[in-house]
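> Just to be clear, the model below is a prediction. Sequence and coordinates:
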Number of protein chains: 4
Amino acid sequence: MLRVFFVGDVYGKPGRRVLAEQLPKLRSNFDFIIVNGENAAGGFGLNRESFELITGAGADAVTLGNHAWHHKEVYGLLDDPRLIRPLNMPSGTPGRGWSTFEVGSERVTVVNLLGRVFMEAVHNPFLVMDRLLGQPDLGSVFVDFHAEATSEKAALAWHLDGRVAAVIGTHTHVPTADSRILPRGTAFQTDAGFTGPAHSIIGADPEGPIQKFLTERPHRFGVKEGPAELNGVMLELENGKALTIERYHYEE
Amino acid sequence: MLRVFFVGDVYGKPGRRVLAEQLPKLRSNFDFIIVNGENAAGGFGLNRESFELITGAGADAVTLGNHAWHHKEVYGLLDDPRLIRPLNMPSGTPGRGWSTFEVGSERVTVVNLLGRVFMEAVHNPFLVMDRLLGQPDLGSVFVDFHAEATSEKAALAWHLDGRVAAVIGTHTHVPTADSRILPRGTAFQTDAGFTGPAHSIIGADPEGPIQKFLTERPHRFGVKEGPAELNGVMLELENGKALTIERYHYEE
Amino acid sequence: MLRVFFVGDVYGKPGRRVLAEQLPKLRSNFDFIIVNGENAAGGFGLNRESFELITGAGADAVTLGNHAWHHKEVYGLLDDPRLIRPLNMPSGTPGRGWSTFEVGSERVTVVNLLGRVFMEAVHNPFLVMDRLLGQPDLGSVFVDFHAEATSEKAALAWHLDGRVAAVIGTHTHVPTADSRILPRGTAFQTDAGFTGPAHSIIGADPEGPIQKFLTERPHRFGVKEGPAELNGVMLELENGKALTIERYHYEE
Amino acid sequence: MLRVFFVGDVYGKPGRRVLAEQLPKLRSNFDFIIVNGENAAGGFGLNRESFELITGAGADAVTLGNHAWHHKEVYGLLDDPRLIRPLNMPSGTPGRGWSTFEVGSERVTVVNLLGRVFMEAVHNPFLVMDRLLGQPDLGSVFVDFHAEATSEKAALAWHLDGRVAAVIGTHTHVPTADSRILPRGTAFQTDAGFTGPAHSIIGADPEGPIQKFLTERPHRFGVKEGPAELNGVMLELENGKALTIERYHYEE
Ligand SMILES: [Fe+2]
Ligand SMILES: [Fe+2]
Ligand SMILES: [Fe+2]
Ligand SMILES: [Fe+2]
Ligand SMILES: [Fe+2]
Ligand SMILES: [Fe+2]
Ligand SMILES: [Fe+2]
Ligand SMILES: [Fe+2]
């Protein structure tokens, strides 16, 4: 049995700080830790400093999302087997979209996948997953499904039910209260929530987004300073399925 | 002090059934009950039978959403002061977008409001709310913000903080685990979740959406039969602000 | 040298009427005629009667678009080698996305392709075309690129320049005044325009769309009666490239 | 009778160059010249240098679009009565959304208006126009409707038919071959096309957009160097209606 911890989108300096302070304390409770880092560098993308901070804090694998390519330094990091960019992109895309890790006598495969509803066009995540699952020896498959629409996230989870251990959504930055094990054994939660400034609008200082919505003109968004929260999901996986799923929430 | 219960989007026959069975049992715990009924008639819109079932079960006010106009019978119901359609629409739109209710010696104003990110174009919800709040004697204002994007929902809540008692999101059909009281006293939860079939994709039988996503072709969606869940939010309001907010979840 | 005539989206009864009246008169001027039929049946999709009318009027090939699957009768027509549905869809999709025709001693391959900007998610049209062009003996390739955004249409044309004979856009229902031969020999026009009611809003009676935009509520759209227009593109192709491109416009 | 010339979105240095060279030669053929300048500064927005170049070349009025606010220098220009930003924005937005000019013994009112389909949310352009047309003494009203969807553009033109002199679309950067006078006297063309680099993808060097579409990753777009085209519309207006409409096209 594998105890897995997944941490949602780490956002800017407040997200990095709360992760660096809290993850080491939690490390011994888990066999494997996955952290989504798509917003780690100033709210957009991942740079070397952020990647090293996240892995230094205890992450075994780091996933990305629609902001994967925002910071150019990410291209220099993609050879690292712990860094996983979205899978459903053209062949020839730098880096890897999934990676299998040996954890003691067990195996866990981490996948990063993008949705398409209300998002930029990428390859069909449903078909790409069907193809991946033809691979041998994947062990327990953990899917970080980075997507906007609740319908697309639930549809993927039901489609993969019994064939992967977990489908956990990211991207909306708000944790959902719907953690469950589907009938054939796949753990599902629509969104893990994010790890970043607590009194913010999905990471940003409220002033910027409010002015944008009020004036219907562009406004610069700043990362909100102050206390941060850490949102995650705790899972127990066995034989490619999930035994338990539970939300984790910490707030400074 | 007003004890308010809000029930998220009632969806199809399973949603109506669980509401009719559970709401009467809860009725005495609350002073005022608001139910979002935008999906009550077969998953889309509200007809007379659904409206009567919802009010018969104990709802004092019924709100709508982007599917408000789907079922033509709704036009015959809009004279009822308990039915509240989206506020941010052109002047001359049938029905009312807000309504003030006397509850004992207190007053509560219920507003239904549409978001615009990833949705059809309507009037600016931020500006429309600023205008509404110039009205006298609104009492505690409860806003059902029917919107897709987490950023827009949080931005409205922060914009209205201290000026309304609660901003509760609807539309995604998934409850969020972020209930909180903002610094100036407004209760906020990104989404209340929905009231409908439990083993479904936001209400639909999984087969339809899965086939649509797999084939990239249209497929007919059916309402999922079987056990239902009821998602809601419990609030205590006083002097136009919120004292407490708590999620409510029941599953058959 | 092949003289090719392409007719844009035939829309409803007025579109079918003007096509049936005019195409037979033009038939002898061309070696090969392609007609987009995605709106032939009442404005949405293609049924057997419409398909037979279009081919009976002289079309050698019929293409489709985002409304391909709207009318269920289309599934019974897809075995006909003259009917070409969008290419960039999952393997296993019924019908064919391209077809090669012998015309005297020449060959023309007709492709129907969907865009993704502001449209439903499908397979990457750029990559799908690159793969198709690895096929032998395609002759002159004509691409009906059914897409919304001018940027995506121009980008595909430039990407395929010199490798296909023509990229002609459809879907917006408005002909563009930008017919040109790109530097390496591919003919390009952003949109061919449609074939349907002249005093309409892309086919619909103006009243429906105007009411929708004014009221921000759904309204039923009707096909506009009255005089129709026929929009098309005339091309001369040779050795897989284009010699000439010219707009064709007829109005009752 | 007023002879009016409208020039579509001037894009970057090639657009400014062709405008500065050609407009002075055309100046004496027209009584009033309107130029859309939303892409004049490097492809995005308008700065002081661009505004002075456009007015110096002979423009009597300059309109904007969705990129109006991109370049911060625009805020210092909005007091100039010749500069017209989108009308359908919140009250309090800097600048003016319409302006009436005396031309000899005649009057022309220039309006800049944004669409909402496939674009950012703004105020309802249909209702905002209805309100504006209640103003007295507007003379002949010219509407630059900056919008993406052909349906929205045609719907506005039909809605305003007989009440304004012209509705000319901008934003897609491709001229449409559908210039016409609607039944009650309003001239309409779905899009005027743009003024910028000829061998480009709506202004950009083809390499950037092609790489973006091929790789599904962001790529930097550059303004295409080389020969430019100028697209415009020539109109004759009288008593608030249009007598003639004709496309203008020049290519270096
Ligand atoms: Fe994120
Ligand atoms: Fe994201
Ligand atoms: Fe709903
Ligand atoms: Fe909804
Ligand atoms: Fe069409
Ligand atoms: Fe279409
Ligand atoms: Fe533009
Ligand atoms: Fe634009």
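Here it is on my side, so go on. Since this is a predicted model, take the numbers as computed values, not measurements. Numbers count the residues shown, from 1 in each chain, chains lettered A, B, ... in the order given. Ligands and ions are numbered 1, 2, ... in the order given.
> can you give me phi and psi for the nearest residue to residue A:41 once chain neighbours are set aside?
In space, and not counting its chain neighbours, residue A:41 is closest to residue A:47: 4.3 Å by CB to CB, 6 or more residues apart in numbering or on different chains. Heads up, the C-betas are built off the backbone N, CA and C, glycines and all. Main-chain dihedrals, residue A:47, degrees, to the nearest 10: phi -110, psi 180.
> wait, residue A:47 sits on residue A:71?
Yes: using CB atoms under 8 Å, residue A:47 is in contact with residue A:71, at 4.8 Å.
> what sits in contact with each of these two?
residue A:41 (CB atoms under 8 Å, 6 or more residues apart in numbering or on different chains).
> Can you get me a residue count around the residue of the stretch 101-250 of chain A found nearest ligand 2?
Minimum separation of the stretch 101-250 of chain A from ligand 2 (CB to the ion) falls at residue A:171, amounting to 4.0 Å. Applying other CB atoms under 10 Å in any protein chain shown, we find 29 other residues in the vicinity of residue A:171.
> Quick check: closest non-adjacent residue to it.
Excluding its sequence neighbours, the residue lying closest to residue A:171 (CB to CB, 6+ apart) is residue A:146, at 4.7 Å.
> Bridged to the one you found, which residues?
residue A:114, residue A:170 (DSSP bridges).
> Pull up the per-residue confidence for it.
In this model, residue A:146 is scored at 98, pLDDT.
> And for residue A:194?
On the pLDDT scale, residue A:194 gets 98.
> where does the spatially closest residue to it that is not a sequence neighbour land in three-state SS?
Leaving aside its sequence neighbours, residue A:194 sits nearest to residue A:173 (CB to CB, 6+ apart; 3.8 Å). Here residue A:173 is coil, with the state taken from DSSP: H, G, I helix; E, B strand; the rest coil.
> Against ligand 4, how distant is residue A:173?
Separation of residue A:173 from ligand 4 (CB to the ion, to the nearest Å) stands at 21 Å.
> one step back: the residue nearest to residue A:171 and residue A:170 touch, don't they?
Yes: using CB under 8 Å, residue A:146 is in contact with residue A:170, at 4.8 Å.
> pLDDT at the residue nearest to residue A:194, what is it?
Predicted confidence (pLDDT) for residue A:173: 98.
> Let me know whether it touches residue A:192 as I believe.
No: counting by CB under 8 Å, residue A:173 stays clear of residue A:192, with 9.3 Å between them.
> which neighbours do these two share?
A:8, A:9.
> who in the stretch 1-150 of chain A is up against ligand 2?
A:65, A:66 (CB under 5 Å from the ion).
> Pull the contacting residues for residue A:103.
Neighbours of residue A:103 in contact, by CB under 8 Å, 6+ apart: A:2, A:31, A:32, A:60.
> Okay, and the beta partners of the third one?
With beta bridges defined as DSSP bridges, residue A:32 has these partners: residue A:4.
> burial count for it?
For residue A:32, using other CB under 10 Å, the count is 22.
> name the element residue A:52 belongs to?
Using DSSP states H and E, residue A:52 sits in helix A:48-56.
> So which bits of that helix are buried?
A:50, A:51, A:53, A:54, A:55 (16 or more other CB atoms under 10 Å in any protein chain shown).
> Same question for stretch A:88-108.
For stretch A:88-108, the neighbour count (16+ other CB under 10 Å) marks A:88-89, A:93, A:95-99, A:101, A:103, A:106-108 as buried.
> now stretch A:153-167
Quick answer for stretch A:153-167 (16+ other CB under 10 Å): A:153-161, A:163-167.
> What is the end-to-end distance of it?
8 Å (CA to CA, to the nearest Å).
> for stretch A:181-188, same thing?
Start-to-end, stretch A:181-188 (CA to CA) is 6 Å.
> Would you map the strands across the stretch 151-252 of chain A?
Remark: strands assigned in the stretch 151-252 of chain A by DSSP state E, counting those that start in this stretch are A:166-170, A:180-181, A:187-189, A:196-197, A:228-238, A:241-251.
> just for chain A, where's the confidence low?
Applying pLDDT under 70 to chain A flags no residue at all.
> Quick check, central residue of it?
residue A:36 (3.6 Å; CA atoms, centre = their mean).
> show me what contacts that one?
Residue A:36 touches A:6-10, A:62-65, A:144, A:146, A:170, A:192, counting by CB under 8 Å, 6+ apart.
> Closest approach to ligand 5 from chain A, which residue is it?
Counting by CB to the ion, chain A gets nearest ligand 5 through residue A:121, at 19.9 Å.
> Not counting sequence-adjacent ones, nearest residue to the spatially most distant residue from the centre of chain A?
Going by CA atoms, centre = their mean, the residue of chain A most distant from its centre is residue A:215, 32.6 Å out. Once flanking residues are discounted, residue A:215 sits nearest to residue D:90: 6.0 Å by CB to CB, 6+ apart.
> In contact with that neighbour, which residues?
A:214, A:215, A:216, B:124, B:127, D:123.
> Pull out the buried residues from these.
The neighbour-count test (16+ other CB under 10 Å) applied to the contacts of residue D:90 identifies A:214, A:215, A:216, B:124, B:127, D:123 as buried.
> count of neighbours near residue A:25?
10.
> ok but it is inside a strand, no?
No: Residue A:25 is assigned helix when assessed by three-state DSSP, not a strand.
> roughly how far apart are it and residue A:96?
30 Å (CB to CB, to the nearest Å).
> still on that earlier bit, who has more neighbours, residue A:146 and residue A:170?
The neighbour comparison of residue A:146 against residue A:170 (other CB under 10 Å) goes to residue A:170, with 31 against 28.
> can you pull the contacts of the more buried one?
Residue A:170 neighbours (CB under 8 Å, 6+ apart): A:8, A:9, A:36, A:38, A:63, A:65, A:144, A:145, A:146, A:191, A:192, A:194.
> And the furthest pair within those?
For the contacts of residue A:170, the farthest-apart pair by CB to CB is A:145 and A:194; their separation is 14.9 Å.
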